[in-house]
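Undergrad: sequence and computational prediction follow.
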Amino acid sequence: MIYCVRACLPVQVVSGDAVAGMGTEPVVSPVHQLFYELCAYFLFAFQHGQGLVKRKISSRDPAFAKIAGACFMNLKVGCCGFAGRRALYFKHFPTVEIQKTFYQPPRIETALRWRREAPPGFCFTLKAWQLITHQPSSPTYRRLAHPVSPEVSKRLGGFRPSREVQDAWRVTREIAEVLQASVVVFQCPAGFTPTEENIRNFSAFFSSLVRGAFRIAWEPRGPWPPELVQELCGSLDLIHCVDPFKDKCLSEGAVYYRLHGIGGYRYRYGDMDLQRLLSLCEGREGYVMFNNMTMKEDALRFIACLHREGESF
């Protein structure tokens, strides 16, 4: 006999079916339904492990069919940039990472149009403007609408305590608020190393940051010691953004994975890669964002893996 937490009704497992005991069945929300099923599953698994139930756990048991899917239910999979037409993208993916905000932020009207076109519940994330993180010597500055003067260049990048950097964050934040973004990603160049000055500017920037209703993710790409990364993420409330095939996320809670391709942008993730990614994501919540040449196809294949995992338990 398994006792379900739902109104403490006894549930007898008979031929793979969970049959509720006597009494009126209460009306519950889907969230509560999943909670009840999780509790029932773990109690069932315990009894099975103790030899109290002599039967293999199977997805044919209606009360337990959603459990494996629950392990991945808080993951959102998408691409770094709209891979193809936006209308089609919105049909296939629950999230996207906007790239234009890094190179040259779009107009507010453009961001408003994207938000209106997106279906309810669609999540936008975006990259912070490069004027905050990158030096003007970066080749990515060529994509700015207007070149910066030599005098202004001295005050850009590296989270410098300058008016120009603060203005760049204000523009980024405005776009994030219009999009109702859930995460803003600060991707640092490999040249942004953990010098005393960089750590001081970095800490001061995020300590005084006027945040909106979104999380902040930090993708360090230089030789930052793991202990320092973990300390900064904890003290400044940052998500450690990583490629899970290269590094381990050192922050607590939600993850933000950016997959750049194993060995480079042209890499196509194989079936074994996606199975490994599945194991890396198990029990985690957050975002899995593909950023390789075949990102749309690979992301769709990974979503299919998540669905199959939920159905095969």
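TA: Done, it's in.
Undergrad: OK, contacts around Pro105?
TA: Residues near Pro105 by Cβ atoms under 8 Å, 6 or more residues apart in numbering: Trp129, Val171, Thr172, Ile175. The C-beta positions use only the backbone N, C-alpha and C, and glycine is treated the same way.
Undergrad: Val77 versus Val165, what's the distance?
TA: From Val165 across to Val77, the span is 32 Å (Cβ to Cβ, to the nearest Å).
Undergrad: hang on, I meant Trp114
TA: Per Cβ to Cβ, Trp114 is found 19 Å from Val77.
Undergrad: repeat for Pro94
TA: According to Cβ to Cβ, Pro94 stands 7 Å off from Val77.
Undergrad: in terms of neighbours, single out the busier of the two.
TA: Neighbour count, other Cβ atoms under 10 Å: between Pro94 and Val77, Val77 has more, with 24 against 16.
Undergrad: wouldn't Leu250 be in contact with Leu228 here?
TA: No: at 9.6 Å, Leu250 does not count as touching Leu228 under the criterion of Cβ atoms under 8 Å.
Undergrad: so between these two, which is more surrounded?
TA: Set Leu250 next to Leu228 and count neighbours by other Cβ under 10 Å: Leu250 wins out with 19 against 13.
Undergrad: list the contacts for the more buried one?
TA: Applying Cβ under 8 Å, 6+ apart to Leu250 gives the contacts Pro226, Val229, Gln230, Cys233, His240.
Undergrad: tell me the SS of it?
TA: Here Leu250 is coil, with the state taken from DSSP: H, G, I helix; E, B strand; the rest coil.
Undergrad: ok, now Pro120?
TA: coil.
Undergrad: report the separation between it and Thr110.
TA: Going from Pro120 to Thr110 by Cβ to Cβ gives 20 Å.
Undergrad: and these two? Which one has more around it.
TA: A direct count of neighbours by other Cβ under 10 Å for Pro120 and Thr110 places Thr110 higher, at 13 against 4.
Undergrad: for the closest residue to Phe192 other than its chain neighbours, helix, strand, or coil?
TA: Leaving aside its chain neighbours, Phe192 sits nearest to Gly222 (5.5 Å; criterion: Cβ to Cβ, 6 or more residues apart in numbering). Of the three states, Gly222 takes coil under three-state DSSP.
Undergrad: likewise for Thr125?
TA: strand.
Undergrad: residue boundaries of the helices in the stretch 201-313 of the chain?
TA: For the stretch 201-313 of the chain, the helices defined by DSSP state H, counting those that start in this stretch occupy 226-236, 271-281, 295-312.
Undergrad: just name the most buried of the ones you listed.
TA: Stretch with highest mean neighbour count among the helices of the stretch 201-313 of the chain: helix 295-312 (a mean of 17; mean count of other Cβ atoms under 10 Å).
Undergrad: so that one versus helix 271-281, what angle?
TA: On the basis of axes from the mean of the first three to the mean of the last three Cα atoms, to 10 degrees, helix 295-312 is oriented at 70 degrees to helix 271-281.
Undergrad: and the average pLDDT for helix 295-312 is what?
TA: Rounded to a whole number, the mean pLDDT of helix 295-312 is 87.
Undergrad: which helices and strands does it pack with?
TA: helix 67-70, strand 75-80, helix 86-92, helix 271-281, strand 286-290 (3 or more Cβ pairs under 8 Å, 6 or more residues apart in numbering; DSSP states H and E).
Undergrad: these: which one's closest to Ser153?
TA: Closest approach to Ser153 among the helices and strands packed on helix 295-312 (Cβ to Cβ): strand 75-80, 27.0 Å.
Undergrad: and the contacts of that closest one?
TA: Counting by Cβ under 8 Å, 6+ apart, 89, 93-97, 99, 123, 258, 281, 284-291, 295-296, 299, 302-303, 306 sit against strand 75-80.
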